[in-house]
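[1] please find the sequence and the predicted model below.
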Amino acid sequence: MLAWAKNRQRRRIVDSVAPLPETPTVQDIYTALNIKVKHPPPLNEGLPLSLFQHALSASQRAIEQFKRSSRADQTSHAFRWRHELVHRAQRMLLQCMYYVAHSLGDAVMLSRDYRNRLAPGDHAELGGTYSERILFTAQALSRGFQVRSICELQAFHMLESANVLKSAYHTAIAAFYSRTCWSILPPYDDLAPVLRDFELAWVNFEERATAALFEADYGGMPEIEDDTDLVFIQMKEATDHGVRGGVISIEQLQESDPSVLVGIPRLTIICALRHQRGSSLFEGLCDDFRWFKRHAAIIKELRDSIQSMSAATVRDLELQCVGSTAESGELDETLQHAFRLVCQIADELQTGSRAKEIVRVLAHISELYNS
């Protein structure tokens with residue numbers, strides 16, 4: 001929370017932003033789109049656009065209620081709660097958009113190599129979705145608000161990219177809503193152009209924002225505590241990948257299904273070597289990263305094997321790692337050998353000296369899917 005003084009009068013607002021003298025109040029950060037959202041049909045969690053319908057309805061309702069809040073007392077519990085509802089709804093909208101964008105792969109997604117400069121904790125905050133904190137920063141800057149950790153000169157240089165991101169966000173929301181009016185079913189290739197524009201705007205602004213909001217000088221190998229943070233980041237991203245791809249279900253995570261808890265570290269190995277770009281657990285770390293140093297030779301062999309597999313074979317390997325039946329019904333020797341190597345690396349984490357740390361990481365991931 002920051003305080004702003006003018007003519008010896010002090011005003012306090014929430015969420016670490018302070019209005020400049022010529023700016024409106026915090027409610028005006030948000031724009032209620034001119035979309036008449038009908039009551040959405042029953043939720044189907046397996047379809048991102050079904051979730052989007054409910055998130056958009058909640059977002060419009062939350063923004064309208066927040067704008068009707070009393071502007072006199074911005075420190076009241078009611079004011080803070082209404083503002084939190086807006087944040088939650090935006091967070092869900094961004095998650096839906098990320099699911100669709102990620103499903104379209106390289107046709108939409110851009111490199112995020114700049115995140116490698118961040119400390120593991122900051123990296124975790126941005127991973128696996130479009131961060132609502134980044135969007136809120138763009139919205140606040142575009143309305144002339146001063147944001148903590150961003151000086152006036154930085155804000156000036158970020159203003160144009162903030163406006164572009166805010167506009168791209170509204171355009172994408174409108175396109176998603178238009179799509180839901182006639183179908184919520186995949187494929188979502190028709191949304192690729194608008195998502196590509198949004199992704200470009202997002203990456204351009206996020207790179208500038210992270211340099212200001214986070215400590216962007218992280219270098220050197222992780223300390224012991226940071227080792228666990230880095231593994232958590234990769235396991236969370238691998239879990240998100242498994243849920244999006246239907247390899248594991250949200251229900252299994254919520255119920256702490258043993259086969260899934262055993263399988264997540266295995267999926268993490270596969271994702272780090274095959275799917276993740278710019279944040280691989282093993283890129284340049286085999287010789288130094290304490291958890292996997294002794295497996296450096298195996299990891300190099302496994303990387304070559306997994307990267308040469310077809311997408312269908314990799315999916316069969318992922319299914320086998322969580323105790324499910326391979327879709328092809330055939331497990332050739334190459335796949336079986338890769339499976340044994342994955343288990344040799346991943347299963348040791350749950351039985352060796354790192355077992356307690358891995359249990360805590362898996363429990364945290366399960367809690368995130370129960371929240």
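    Here it is on my side, so go on.

[2] next helix or strand past the helix or strand hosting residue 98?
    Here residue 98, judged by DSSP states H and E, is contained in helix 77-103. Remark: after helix 77-103, the chain's next helix or strand is helix 120-126, criterion DSSP H and E.

[3] quick check: mean pLDDT across that next one?
    In this model, helix 120-126 carries a mean pLDDT of 74.

[4] run through the strands of this structure in chain order.
    Listed in chain order, the strands of the chain (DSSP state E) span 2-6, 9-13, 17-19, 145-147.

[5] mind listing what's buried in the helix holding residue 98?
    79, 82-83, 85-87, 89-103 (16 or more other CB atoms under 10 Å). Heads up, the C-betas are built off the backbone N, CA and C, glycines and all.

[6] tell me which other helices or strands that helix touches.
    Packing partners of helix 77-103 (3 or more CB pairs under 8 Å, 6 or more residues apart in numbering; DSSP states H and E): helix 48-67, helix 132-142, helix 152-180, helix 192-213, helix 224-244.

[7] for residue 174, grab the count of nearby residues.
    14 (other CB atoms under 10 Å).

[8] likewise for residue 61?
    Neighbour tally, residue 61, other CB under 10 Å: 15.

[9] how far away is it from residue 67?
    Note on residue 61: its distance to residue 67, by CB to CB, to the nearest Å, is 11 Å.

[10] kindly report the same for residue 101.
    From residue 101 to residue 67 the distance is 29 Å (CB to CB).

[11] and residue 311, how many neighbours does it have?
    8.

[12] sorry, that was for residue 109
    Counted with other CB under 10 Å, residues neighbouring residue 109 total 17.

[13] for residue 119, which of the helices and strands packed on helix 77-103 is the nearest?
    Taking CB to CB, helix 224-244 is the member of the helices and strands packed on helix 77-103 nearest to residue 119, at 7.3 Å.

[14] got the angle between the closest one and helix 48-67?
    In terms of direction (axes from the mean of the first three to the mean of the last three CA atoms, to 10 degrees), helix 224-244 departs from helix 48-67 by 120 degrees.

[15] tell me which strands and helices helix 224-244 is in contact with?
    By 3+ CB pairs under 8 Å, 6+ apart, helix 224-244 packs against helix 77-103, helix 120-126, helix 250-254, helix 258-274, helix 355-370.

[16] the inter-axis angle of the last one versus helix 224-244?
    Interaxial angle of helix 355-370 relative to helix 224-244 (the same axes, to 10 degrees): 40 degrees.

[17] how about helix 355-370: buried residues?
    Neighbour-count burial for helix 355-370 [16+ other CB under 10 Å]: 357-358, 361-362, 365-366, 369.

[18] for these, give me CSV that also has distance to residue 149.
    Formatted as CSV, the entries for the buried residues of helix 355-370 read as follows, by distance: CB to CB, whole Å:
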residue, distance to residue 149
357, 30
358, 33
361, 28
362, 32
365, 28
366, 32
369, 30
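
[19] could you identify the most distant pair in those residues?
    357 and 369 (19.5 Å).

[20] in stretch 315-331, what counts as buried?
    Result for stretch 315-331 [16+ other CB under 10 Å]: buried residues 315-322, 324, 326.

[21] between these, which sits nearest residue 349?
    Distances from residue 349 to these, taken by CB to CB, are shortest for residue 321, at 13.4 Å.

[22] which one is the closest one nearest to, not counting chain neighbours?
    What sits nearest to residue 321 in space, not counting adjacent residues and going by CB to CB, 6 or more residues apart in numbering, is residue 266, at 3.8 Å.

[23] that neighbour contacts residue 324, correct?
    No. Using CB atoms under 8 Å, residue 266 is not in contact with residue 324; the gap is 11.9 Å.

[24] and stretch 35-55, how far out from the chain's middle?
    In terms of CA atoms, centre = their mean, to the nearest Å, the centre of stretch 35-55 is found 20 Å from the chain centre.

[25] in it, which residues are buried?
    For stretch 35-55, by 16+ other CB under 10 Å, it's 37, 40, 47-55.

[26] show me what the mean pLDDT comes to for that stretch.
    Stretch 35-55 comes out at a mean pLDDT of 84.

[27] and the residue most central in space within the chain, what does it touch?
    Taking CA atoms, centre = their mean as the criterion, residue 129 is the residue nearest the geometric centre of the chain, at 2.0 Å. Taking CB atoms under 8 Å, 6 or more residues apart in numbering, we find residue 129 in contact with 91, 94-95, 98, 240.

[28] before we move on, what about residue 41?
    50, 53 are the contacts of residue 41 under CB under 8 Å, 6+ apart.

[29] that one and residue 51, how far apart?
    From residue 41 over to residue 51 (counting by CB to CB), the distance is 12 Å.

[30] count the residues that sit near residue 342.
    26.

[31] I'd like the distance from stretch 165-180 to the chain centre, please.
    19 Å.
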